[in-house]
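>>> Just the structure for this:
(one chain, ligands or ions: 1)
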Amino acid sequence: MRISVIGCGYLGAVHAACMAHLGHEVVGIDVDEQKVSELSSARAPFYEPGLSELLEQVLNTGRLSFTSNVASASGSDVHFICVGTPQKKGENAADMTYVDAAVAKLLPYISEGDVVVGKSTVPVGTAARLAGLIKEIQPLAHLVWNPEFLREGHAVSDTLNPDRFVYGVEDGSEDHPAVAVLDEVYAAPLSSGTPRLVTDPPTAELVKTAANSFLATKISFINAMAEVCEAAGADVTSLADAIGMDDRIGRKFLNAGIGFGGGCLPKDIRAFMARAGELGADQALTFLREVDAINMRRRTRVIELTRALCDDSLLGKRIAVLGAAFKPESDDVRDSPALSIAAQLQLQGAIVTVTDPKALKNAAKRFPELHYEPDPVNAISKSDALLLLTEWQEYRDLDPYALSPIVAAARILDGRNVLNAEKWRAAGWTYKGLGRP
Ligand code: UDX
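Alright, predicted model coming up:
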């Protein structure tokens, strides 16, 4: 099939490359000329494992190209909308500027029978509004809402082998003509057994916000348990193991720590609350306010614990922060709890050095006031305390015996509960986990 992908960020660049990998002829369109030029030379503009290799491979087949000219969407059978919906400045609601602009620019190039597919995470009701705009110009085109569930760091495999496909079509029926078109787009993963669910557009939009809200709630639930464990002298990691053995609960997304961040979960739960408010259903989601509050409290708790670890004073203490990205295998620092903690510690008088294998460039753009050091050993050297805040494998593998001689004081706060506490203590370190005795 001929496919256009509008927006080549974390979602669109991966989607375009993966659709070409599935055998389609794809054009990726983005307003950012630099991004277009990097992608055209098989350079991913952000770190995502496997993406550069995949770009190289599919660009060589001639099935994938990138451009800033939206007119290149003309002639495609399917147009994917993959632009961002960030949080509005100073408000909880999602900023729909990019989605609206993408659709407005695409309108003149939509032909009879084309399928426009929304993948961005949007407030419920957006699909109906956009379908109205499309119908005015091209009554014989279709709009489908087909949310994307990929995780950064696993984006390529999540796109090629997703857990499920959700199609939100106008009448919610299997017989809607757009269903067969999307089935053809996703023929390969569907034939290997990926389930798909056909529903109406508002349900499809809500599936995405509900899924992210559930994940955020699961994390905040275990972080709330961590608070209680700390007060009671219990261990949240054993607690998570034990409750996770119940199939109905499951162990995934029960890792207590410094809380969730990134470009999705925090802004999605806030946008969901804002939208529910507009719909008069705000009471239904008041619990998400608490989910957000528990999450933000983790950051404050880490500051308190670091102060306690540093003999009750942060003033002049040299703190090495291991990790800047919001999660490992990503260079994304949007709403990164690690960086927000690092900046707070510095504000409170500590001398902070941040290290990260991939995210330092992005981190320095957002927090230019912090000091960055690419080599973790240099960052750790002469420090009064280490804070492990993003669980990159190389930080999990650090050897406490090798580090003891180079630090000013052997103290570590494990913000992700991933280190072997006994091993670090045996090597003479003061080890502090979160929600653990
Ligand atoms: C999330 C959803 O998982 C994905 O389906 C959706 O498409 C986009 O939003 P992503 O933001 O890439 O994906 O990261 P995810 O792996 O979900 O992690 C989100 C945050 O939660 C990270 O900051 C992570 O460190 C944190 N987290 C995750 C925890 O603190 N504990 C856990 O147990 C799991």
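>>> residues in this structure within reach of the ligand, list them.
Near the ligand, the residues belonging to the chain are 149-152, 212, 215, 219, 253-255, 257, 259-262, 264-265, 326-327 when assessed by C-beta under 6 Å from any ligand atom. Every residue, glycine included, has its C-beta placed from N, CA and C.
>>> 5 Å instead, please
For the chain, the residues found near the ligand under the criterion C-beta under 5 Å from any ligand atom are 149, 151-152, 219, 253, 255, 257, 260-262, 264, 326-327.
>>> out of those residues, which is most surrounded?
Using other C-beta atoms under 10 Å as the neighbour definition, these reach their maximum at Phe326, which records 30 neighbours.
>>> Read off the pLDDT value for it.
The per-residue pLDDT reported for Phe326 equals 98.
>>> mind putting the residues of the chain next to the ligand in JSON lines, secondary structure included?
Formatted as JSON lines, those follow (DSSP: H, G, I helix; E, B strand; the rest coil):
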{"residue": "Phe149", "secondary structure": "coil"}
{"residue": "Arg151", "secondary structure": "coil"}
{"residue": "Glu152", "secondary structure": "coil"}
{"residue": "Ile219", "secondary structure": "helix"}
{"residue": "Phe253", "secondary structure": "coil"}
{"residue": "Asn255", "secondary structure": "coil"}
{"residue": "Gly257", "secondary structure": "coil"}
{"residue": "Phe260", "secondary structure": "coil"}
{"residue": "Gly261", "secondary structure": "coil"}
{"residue": "Gly262", "secondary structure": "coil"}
{"residue": "Cys264", "secondary structure": "coil"}
{"residue": "Phe326", "secondary structure": "coil"}
{"residue": "Lys327", "secondary structure": "coil"}
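>>> Among these, which pair sits farthest apart?
Spatial extent of those (C-beta to C-beta) is set by the pair Phe149 and Gly257 at 22.2 Å.
>>> quick revisit: from the residues of the chain next to the ligand, which is closest to Leu347?
Proximity of these to Leu347, judged by C-beta to C-beta, is greatest for Gly261, which lies at 18.5 Å.
>>> For that closest one, grab phi and psi.
phi -140, psi -150 (degrees, to the nearest 10).
>>> mind listing what it touches?
Contacts here follow C-beta atoms under 8 Å, 6 or more residues apart in numbering; on that basis Gly261 touches 326-327, 334-338, 340.
>>> Out of the residues you listed, which sit inside strands?
The strands, defined by DSSP state E, take in nothing from those.
>>> any idea which of those is closest to Val407?
If you rank the contacts of Gly261 by distance to Val407 using C-beta to C-beta, Ala338 comes first, at 19.5 Å.
>>> Can you give me the neighbour number for the closest residue to that closest one other than its chain neighbours?
The shortest distance from Ala338 to any non-neighbouring residue, by C-beta to C-beta, 6 or more residues apart in numbering, is to Leu389 (3.6 Å). Neighbourhood size, Leu389 [other C-beta under 10 Å]: 29.
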